[in-house]
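Visitor: Provided below for reference: sequence and predicted model.
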Amino acid sequence: MFNTMNDAQKEVIKKVQDASSGESNQKLFYLDGPGGSGKTYTYTTLWHLLRASGKKVATMAFTGIAAILLPEGKTCHKALGLTVPLYSDSNSTITPNSKQGKKFLETDVFIWDEALMALEIMDRLLRDLTKIDELFGGKILLLGGDFRQLLPVRKNGTRAECVNLSIKNNEVEFAEFLLKIGEGKVNDSNDNIEFPEGFEVETDLVEEVFGHLIAQERFEDVATSAILFARNADVDELNKQVVNLLPSEGEKKYSSVDNALDGEALQELLTQEYLNSLNPASLPPHDRRSL
Ligand SMILES: Nc1ncnc2c1ncn2[C@@H]1O[C@H](COP(=O)(O)OP(=O)(O)OP(=O)(O)O)[C@@H](O)[C@H]1O
């Protein structure tokens, strides 16, 4: 894997390796990079190289979805023994004599993706365990993340997948514009953003993206087109608009049958109308329309 790395990735690996072998005194590193720029690949390569040289390495990430991409990755809630919800003055439940406490003490290098929260807790914990009054108890930490990204909401989808969905490789100019938004470079003092010419939708967004495809019955293209929103409520609203554009001839409507099963009191509380209005992530909506 190391041979395939680019220069920036190799530099990160080299710096952390030097720290772990005592060749440098630097202990803290931060790897910043936009989605898909190769951070996970770097952590994974580093993990293998450090392990091969006999070092003990712990990997963690704030979200489960990022943690499962790391070798032996844990969520930081699990790794640090944190309670939910998390506050800045929350404390780790790990004690010095616990198995986890001993493991942390023995760990040479911590690799932590999405290290945006809980850093103070980690600092307090490592100072307590090592009894060394230095930042993070003098342990080596490679922190990383991307301040430009919203956390992933697509189930089982990696960030790279989400980014790939929205930015095709040939749309470099648009991708660069998105990065600038993330970096706060194109916002004015009121956080308004002016779109460059050619990026604005003059008419209706749904019409613009799906209207002509549906009119030409290019349904395969419809299935591979997407408009991304930050909120599920907006996605639901947009889906309705797209479905309304579909031809209604031969349309069938399938409705769910929703009932609260146990107890009259519960049935009064959870009325059928209320249950119909719910739209949990893993279930289809109450009214499902198909051709
Ligand atoms: N040096 C490399 N050689 C070959 N493939 C690479 C290299 N670096 C990254 N990749 C590939 O590029 C893709 C994106 O990399 P990766 O998942 O590490 O990015 P990331 O910065 O962690 O992204 P995100 O922040 O979205 O999780 C992956 O498929 C990864 O295997």
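Guide: Everything's here; your move.
Visitor: tell me the secondary structure at residue 59.
Guide: Three-state call for residue 59 (DSSP: H, G, I helix; E, B strand; the rest coil): strand.
Visitor: neighbours around the closest residue in space to it that isn't next to it in sequence, how many?
Guide: Nearest non-adjacent residue to residue 59, counting by CB to CB, 6 or more residues apart in numbering: residue 70, 4.1 Å away. For the C-beta atoms, the positions are set from N, CA and C on the backbone; glycine is no exception. The tally of other residues near residue 70 (other CB atoms under 10 Å) stands at 19.
Visitor: what sits against residue 70?
Guide: 40, 43, 44, 47, 59, 60, 61, 111, 113 (CB atoms under 8 Å, 6 or more residues apart in numbering).
Visitor: wait, isn't the third one in contact with residue 71?
Guide: Yes: in this structure, residue 44 sits in contact with residue 71. The criterion is CB atoms under 8 Å, and the distance is 5.8 Å.
Visitor: out of these two, which sits in the busier spot?
Guide: residue 44 (17 against 14).
Visitor: you'd agree that one is in a helix?
Guide: Yes: assessed with three-state DSSP, residue 44 lies in a helix.
Visitor: thinking again about what came up before, out of the contacts of residue 70, which are buried?
Guide: By neighbour count, with 16 or more other CB atoms under 10 Å, the contacts of residue 70 hold 40, 43, 44, 47, 59, 60, 61, 111, 113 as buried.
Visitor: next one: residue 104, what pLDDT does it get?
Guide: At residue 104, the model reports a pLDDT of 92.
Visitor: mind pulling up the phi and psi values for the closest residue to it other than its chain neighbours?
Guide: Distances taken as CB to CB, 6+ apart place residue 129 nearest to residue 104, at 5.6 Å, with adjacent residues excluded. Reported as degrees, to the nearest 10, the phi and psi values for residue 129 are phi -70, psi -40.
Visitor: then residue 267?
Guide: Per degrees, to the nearest 10, the backbone of residue 267 is at phi -60, psi -30.
Visitor: pretty sure it is touching residue 258, no?
Guide: No: counting by CB under 8 Å, residue 267 does not reach residue 258; the two are 11.1 Å apart.
Visitor: and the nearest residue to residue 275 once chain neighbours are set aside, helix, strand or coil?
Guide: Using CB to CB, 6+ apart and skipping residues adjacent in sequence, the residue nearest residue 275 is residue 258, 3.5 Å away. Assigned by three-state DSSP, the conformation of residue 258 is coil.
Visitor: does residue 258 touch residue 272 like I think?
Guide: Yes: between residue 258 and residue 272 there is a contact at 5.9 Å, judged by CB under 8 Å.
Visitor: name the residues contacting each of the two.
Guide: Contacts common to residue 258 and residue 272, judged by CB under 8 Å, 6+ apart, are absent.
Visitor: what about the helices in the protein?
Guide: Under the criterion DSSP state H, helices of the chain are mapped to 7-20, 39-52, 64-67, 76-80, 99-106, 119-130, 159-166, 172-182, 205-206, 212-215, 219-223, 232-245, 264-269, 272-277.
Visitor: before we move on, back to that, format the buried ones among the contacts of residue 70 as TSV; extra columns: distance to residue 285 and pLDDT.
Guide: Formatted as TSV, the buried ones among the contacts of residue 70 follow (distance: CB to CB, whole Å; pLDDT from 0 to 100):
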residue	distance to residue 285	pLDDT
40	34	94
43	39	96
44	39	95
47	42	96
59	38	96
60	36	94
61	32	92
111	41	96
113	34	91
